[in-house]
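# Build me a model:
(one chain, ligands or ions: 1)
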Amino acid sequence: MLAPRKTLWSTPQSAIDTAIAFADLHANDVVYDVGCGDGRVLIQMASKSIPVGSSSDSAVSPCDLPRNSQHHHCHRFVGIEISPERAEEARANVQRAKHDNRIGQHVSIEIKCANALEVDYNDATVIFLYLVPRGLRLIRPILWSQATNQDTVLNRTTDSRDHPAACEKSQLNKRCSNTRQVQQNNNNQRPRRVITYMNPIENKVVLKKELCKVGNVEGAAFPIYLYHLG
Ligand SMILES: C[S@@+](CC[C@H](N)C(=O)[O-])C[C@H]1O[C@@H](n2cnc3c(N)ncnc32)[C@H](O)[C@@H]1O
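Purely as a prediction, here's the structure:
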């Protein structure tokens, strides 16, 4: 287990708001909550999503959201949860949030019942984790090795760009221009962001750290951390 399962410990609103700010969400982002519990982090993040083409100060949001600087265009969210009951609860909460117009119809929140240690994170651009230190230790090499593998594949496909002589024939030239495109896309990509609440990831460079107040607990404030994957 990456976190206790009996009692659900949830990320408070203030930390979710900070996570949204750390993530700097764009339309092409895909946000994962690893150990998503009842789905509240993803629902809260998704509730700030407005469709591409809307702007936070001109267009009318389809779900009458109050406007603030946290609005974004990200519309793909994935929750990973090992407990079947909790995954089911998260799905029901997502359905309810859509039904109540707290999240727009353009948003997709997929809840997968799976062991987070066996998941492919290659399409994730933002990964949120509220896990115990041991859980973070176990998942760290998985996240970072998947990031390294992805970079290796991209670098291999760009090798021919560095050797134009290998691109004599038109077929090869076409492939070379494709690989140039891949590299351009790769260069345009923003770094993938990892955000942890409460516990840091050991031996990784923390780019940002903030203390988030917990509403109903006098004087309590817990940390949230930002890292770049790779
Ligand atoms: C501390 S709760 C966090 C819930 C939610 N992310 C939040 O921040 O409000 C951790 C969740 O991780 C789940 N979990 C524990 N081990 C897991 C594993 N190996 N794979 C997927 N989920 C796991 C637990 O069932 C629990 O719901």
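
# gap between Cys36 and Glu218?
The spacing between Cys36 and Glu218, counted by CB to CB, to the nearest Å, is 28 Å. In this view, the C-beta of every residue, glycine as well, is placed from N, C-alpha and C.

# With neighbour numbers in mind, choose between these two.
Comparing Cys36 with Glu218 by other CB atoms under 10 Å, the one with more neighbours is Cys36, at 26 against 6.

# Pull up the per-residue confidence for the residue of the chain found nearest the ligand.
Using CB to the nearest ligand atom, the single residue of the chain nearest to the ligand is Gly35, 2.3 Å away. Gly35 carries a pLDDT value of 97.

# just checking, Met45 touches Leu25?
Yes: with contact defined as CB atoms under 8 Å, Met45 reaches Leu25; the gap is 7.5 Å.

# which residues are common contacts for those two?
Both Met45 and Leu25 are in contact with Val31, Cys74, where contact means CB atoms under 8 Å, 6 or more residues apart in numbering.

# okay, these two: which has more neighbours?
Neighbour count, other CB under 10 Å: between Met45 and Leu25, Met45 has more, with 26 against 23.

# Helix, strand or coil: sort out the more buried one for me.
helix (DSSP: H, G, I helix; E, B strand; the rest coil).

# May I ask which helix or strand of this structure has the lowest mean pLDDT?
helix 170-188 (a mean of 41; mean pLDDT, DSSP states H and E).

# Tell me the residues on the protein that lie near the ligand, please.
1-3, 5, 8-11, 33, 35-37, 40-41, 80-83, 86, 115-117, 130 (CB under 6 Å from any ligand atom).

# any chance you could map the helices in the chain?
13-23, 40-46, 84-99, 133-157, 170-188 (DSSP state H).
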